[in-house]
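S.K.: Have a look at this prediction, sequence included:
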Amino acid sequence: MRAIPDLGPVRAFLEPHHLELGAHVAAFAAREIAPLPEPADDAAGRRVARELLALLGRAGWFAAIADQHLRTCCLVREALAAASPLADAVFALQALGTIPIVLAGSEEQKRRWVPAVLAGEAMAAFAMTETDAGSDVAAIATTARRDGETYVLDGLKTLISNAGIADFYVVFASTDASRGNKGLSAFLVPAETPGLRFVRPQVLAAPHPLGEIALTECRVPAASRLGAEGEGFKLGLTTLDWLRPTVGAAACGMSARALNEALGHATVRHQFGRPLADQQLIQEKLARMATDLTAARLLVYRAAWEKDRGAERITIEAAMAKAFATEAAQRAVDDAVQILGGRGVLADHPVDRLYRSVRSLRIYEGTTEIQHLVIAGQLLK
């Protein structure tokens, strides 16, 4: 795999040090991560996720999370996603579970967890989703009952990345059900806390540690709360708002890898006496893939640039970046499979791995439909 990404189209949104870093992380991903075999099953995927955590921590790639350098996080995710969707997921979950601590944690919480996260010694998880609470966060049924200087958490969280292997969970629970989303609070819960239990893995088509956790009379100190009581909804949305451009960056990485693989195949594969690349219908697919990738990168790095230069919120920019980039990535990977034909659906081919991995980008951290509602809502204000 050659180093990805090509940052030329987005140079206007980057500083010189970003270009240097982008080349460095792309070379690292191509050298250290791309050659690794795909885990054979869920158990192997969980083990490899922890190994990737340590590898990325030693290389220093998590530092941008605590520094809240959004363009750097986008560059890292784009390069990692091109090399390995699992490595990208490991980075993404470190950010998703750590940003709430950076934004709202106490000094003690930050000292205890953030250095370990950045070093790849502690794995984070973000426990918001429930059976009846996905896009509708206000429907969260997990409760947090105040009892003196502690809270007692009860509920079931599902579709939680890193469930069962995380060292801590950022858990969203209702402290006042009568207030809807204004009654949600967030808690930092170490994995070994009595009453927190890993229920079962939930196995995806692509390697990705996912599962359910249960909280049963799970008692945590009041100091475990992140921010003030009732501010969990705002904290969760702020975190997702910040990270959505990085999801778009991961989508760009997958698109770039798909285009790279399709170009390589089309130029060497012959059909009807000439290279596939000579066929106009193949050229049309390649042109669309490249155009969509450039447009997606521009939206992603525009959003990250806005945040890095001090914008308080990038709601519409982040929503546009995630919606367009993830939908474009789905099209690009599908086109790559079509160009490669039978080779593109062999389990050991990078394009098949992309095909099994890319679909979830259009769902997690807010579906494309939710992003469209966010964009329209901002336009109609």
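M.R.: Nice, I can see it.
S.K.: Confirm that residue 188 sits in a strand.
M.R.: Yes. The assignment for residue 188 is a strand, going by DSSP: H, G, I helix; E, B strand; the rest coil.
S.K.: for stretch 35-44, how far is the first residue from the last?
M.R.: 16 Å (CA to CA, to the nearest Å).
S.K.: If we go by neighbour counts, what in it is buried?
M.R.: 38, 39, 42 (16 or more other CB atoms under 10 Å). All C-beta spots, glycine's among them, are computed from the backbone N, C-alpha and C.
S.K.: Sort out for me which of those residues are in helices.
M.R.: residue 42 (DSSP state H).
S.K.: I'd like the buried residues of stretch 35-44 written out as a markdown table, with pLDDT and distance to residue 10 added.
M.R.: Output for the buried residues of stretch 35-44, formatted as a markdown table (pLDDT from 0 to 100; distance: CB to CB, whole Å):
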| residue | pLDDT | distance to residue 10 |
| --- | --- | --- |
| 38 | 91 | 29 |
| 39 | 94 | 32 |
| 42 | 94 | 36 |
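S.K.: pLDDT score assigned to the one residue sitting closest to the centre of the chain?
M.R.: By CA atoms, centre = their mean, the chain has its centre lying nearest to residue 92, at 3.9 Å. In this model, residue 92 is scored at 97, pLDDT.
S.K.: before we move on, back to that, let me have the buried residues of stretch 35-44 in CSV, extended by distance to residue 231.
M.R.: Below are the buried residues of stretch 35-44 laid out as CSV (distance: CB to CB, whole Å):
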residue, distance to residue 231
38, 40
39, 38
42, 35
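S.K.: quick one: which of the buried residues of stretch 35-44 is nearest residue 328?
M.R.: residue 38 (23.9 Å; CB to CB).
S.K.: Run through this protein and note the low-pLDDT ranges.
M.R.: Applying pLDDT under 70 to the chain flags residues 1-5.
S.K.: all strands of it, in order?
M.R.: Counting by DSSP state E, the segments of the chain that form strands are 124-127, 143-147, 150-161, 168-174, 184-190, 196-201, 210-221, 225-226, 270-271, 274-275.
S.K.: nearest to residue 258, of those?
M.R.: Of all these, strand 274-275 sits nearest to residue 258, with 18.8 Å by CB to CB.
S.K.: Next up, the contacts around residue 321.
M.R.: Residues in contact with residue 321, defined by CB atoms under 8 Å, 6 or more residues apart in numbering, are 244, 245, 248, 296, 299, 300, 302, 303.
S.K.: redo that, cut-off 7 Å
M.R.: Residues near residue 321 by CB atoms under 7 Å, 6 or more residues apart in numbering: 244, 245, 248, 299, 300, 303.
S.K.: of those residues, closest to residue 357?
M.R.: Minimum distance to residue 357 across the contacts of residue 321 is 15.1 Å, recorded for residue 248 (CB to CB).
S.K.: who's in contact with that closest one?
M.R.: Residues near residue 248 by CB under 7 Å, 6+ apart: 296, 299, 300, 321, 322, 325, 326.
S.K.: Is it possible to get JSON lines of those residues that adds distance to residue 97?
M.R.: JSON lines is the format used below for the contacts of residue 248 (distance: CB to CB, whole Å):
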{"residue": "296", "distance to residue 97": "26"}
{"residue": "299", "distance to residue 97": "26"}
{"residue": "300", "distance to residue 97": "22"}
{"residue": "321", "distance to residue 97": "21"}
{"residue": "322", "distance to residue 97": "19"}
{"residue": "325", "distance to residue 97": "22"}
{"residue": "326", "distance to residue 97": "21"}
